[in-house]
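>>> Following is a predicted model, sequence given first.
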Amino acid sequence: MQTPFPLIFLGIILMLLAFCFVTVQQGTVAVITVFGKFRRILHPGLNFRIPFVETIFRRISYQNRSMELKFQAISQDQANIYFTAMLLYSVLNEESQTIENVAFKFMDERSFMQALIRSVEGEVRAFVATKKQSEILQLRSEIINHVKEQLDKQLEGWGFHLLDIQINDITFDEEILKSMARVVASNNLKAAAENEGQALLITKTKTAEAEGNAIKISAEAERLAAQMRGQGVALFREEVARGMAIAAKEMESANLDASFILFSMWTDAIKHFAEYGKGNTIFLDGSSNNYQRTMQQLMSTLQGFEPDENGNKK
């Protein structure tokens, strides 16, 4: 049984229609060429094309892309510095000219990646070559800004945009790391010694101030005590003199010899020596000549004391 010609023609039409419609995934665009020449781009969704005339040359994603770089640079003082960086880039926009640049500037994706990596490494090496190794750790943000400034225009010509570059790790040769560790350790020891010295100085100063204040307080207290003792002795002597003068006046008014008072004081003194001498031996000259001499000495203490009616010394 032969297949009717209309059915064959209908099948051919359906096949042609199937080739006319193309689906483009979200986040990508399709580059259409006509006989090898760029014609237009197809955006995400269902698109129509002329079959066997318009061909899809390449599908390009405009989503963000990332890659990790590891490379070496030499500083101004000839130190080897090792970098680990992450690049974040994407297609500049979805315009026709931008997509055309992305599709045809490089032969393939591998060539573009190689050019991008070498460009980033070259800019980092050029910047690091002007700095000393001791400065590199503090210039992380400056390195990033330098690379972005130098590559932005170049990448725009390729149809790409460098969104961000992150320098995740900066390391040095083992000998440099050891020397840096020793420098840090010595600086820490120096700071610790300075802090301990300051603490000791403060402690000594406060101790000296406390001792000085204690000495001042003790000296002031001793001075006041000595003054009060002197005043007490002076008052005691004044009272003794006043009492002796009054007693002498009373003895004189009673027609008694004033030497009796002195004799009484002398015997009381001897009694006091005996009570509080704690076993010490006291030798006293008991001759009449010594007694008269002692009385004369005691009487001489009464000379110049003439009490008034209240018993005070004139």
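Looks like it arrived, so ask away.

>>> residue ranges with poor pLDDT in this structure?
1-5, 9, 12, 251-252, 254-263, 277-288, 291, 294-295, 297-314 (pLDDT under 70).

>>> Let me see the domain layout of it.
The chain breaks down by automatic domain parsing into domains covering 5-61, 65-172, 175-314.

>>> Of those domains, which stretch is the most buried?
Counting by mean count of other Cβ atoms under 10 Å, domain 65-172 has the highest mean neighbour count of the domains of the chain, with a mean of 15. All C-beta atoms are positioned from the backbone trio N, CA, C, and that covers glycine.

>>> okay, which residue is most central for the protein?
Ala191 (11.5 Å; Cα atoms, centre = their mean).

>>> Hmm, Val128 and Ile74 touching each other?
Yes. Contact status for Ile74 versus Val128: in contact at 7.1 Å, counting by Cβ atoms under 8 Å.

>>> Overlap in contacts, these two.
Shared contacts of Ile74 and Val128, defined by Cβ atoms under 8 Å, 6 or more residues apart in numbering, are found at Ile81.

>>> Stretch 75-82: how far from the chain's middle?
30 Å (Cα atoms, centre = their mean, to the nearest Å).

>>> and what of stretch 210-221?
With Cα atoms, centre = their mean, you get 39 Å for stretch 210-221.

>>> Repeat that for stretch 96-106.
Worked out by Cα atoms, centre = their mean, stretch 96-106 lies 53 Å from the chain centre.

>>> do the same with stretch 126-145
Put simply, stretch 126-145 sits 25 Å off its chain's centre (Cα atoms, centre = their mean).

>>> Kindly format the C-alpha coordinates of it as PDB.
The C-alpha trace of stretch 126-145 is given here as PDB (Å, rounded to 0.1, in the frame of the first residue of the first chain):
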ATOM      1  CA  ALA A 126      53.700  44.900  38.300                       C
ATOM      2  CA  PHE A 127      52.200  46.400  41.500                       C
ATOM      3  CA  VAL A 128      54.100  44.100  43.900                       C
ATOM      4  CA  ALA A 129      57.400  44.900  42.100                       C
ATOM      5  CA  THR A 130      57.200  48.500  43.400                       C
ATOM      6  CA  LYS A 131      56.700  47.500  47.000                       C
ATOM      7  CA  LYS A 132      58.700  45.900  49.800                       C
ATOM      8  CA  GLN A 133      57.700  42.600  51.200                       C
ATOM      9  CA  SER A 134      57.000  44.200  54.600                       C
ATOM     10  CA  GLU A 135      54.300  46.400  53.000                       C
ATOM     11  CA  ILE A 136      52.400  43.800  51.000                       C
ATOM     12  CA  LEU A 137      50.200  42.500  53.800                       C
ATOM     13  CA  GLN A 138      49.000  46.000  54.400                       C
ATOM     14  CA  LEU A 139      48.200  46.700  50.700                       C
ATOM     15  CA  ARG A 140      45.700  44.000  50.000                       C
ATOM     16  CA  SER A 141      42.900  46.500  49.100                       C
ATOM     17  CA  GLU A 142      45.300  48.700  47.100                       C
ATOM     18  CA  ILE A 143      46.300  45.600  45.000                       C
ATOM     19  CA  ILE A 144      42.700  44.800  44.300                       C
ATOM     20  CA  ASN A 145      41.800  48.400  43.300                       C
END
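
>>> still on that earlier bit, helix, strand or coil: sort out the residue nearest to the centre of the chain for me.
helix (DSSP: H, G, I helix; E, B strand; the rest coil).

>>> Please tell me how far it sits from Ala181.
16 Å (Cβ to Cβ, to the nearest Å).

>>> In this structure, mark out all the strands, start to finish.
21-24, 28-34, 37-42, 45-48, 54-61, 65-74, 80-91, 160-172 (DSSP state E).

>>> closest one to Ile8 among those strands?
strand 21-24 (21.7 Å; Cβ to Cβ).
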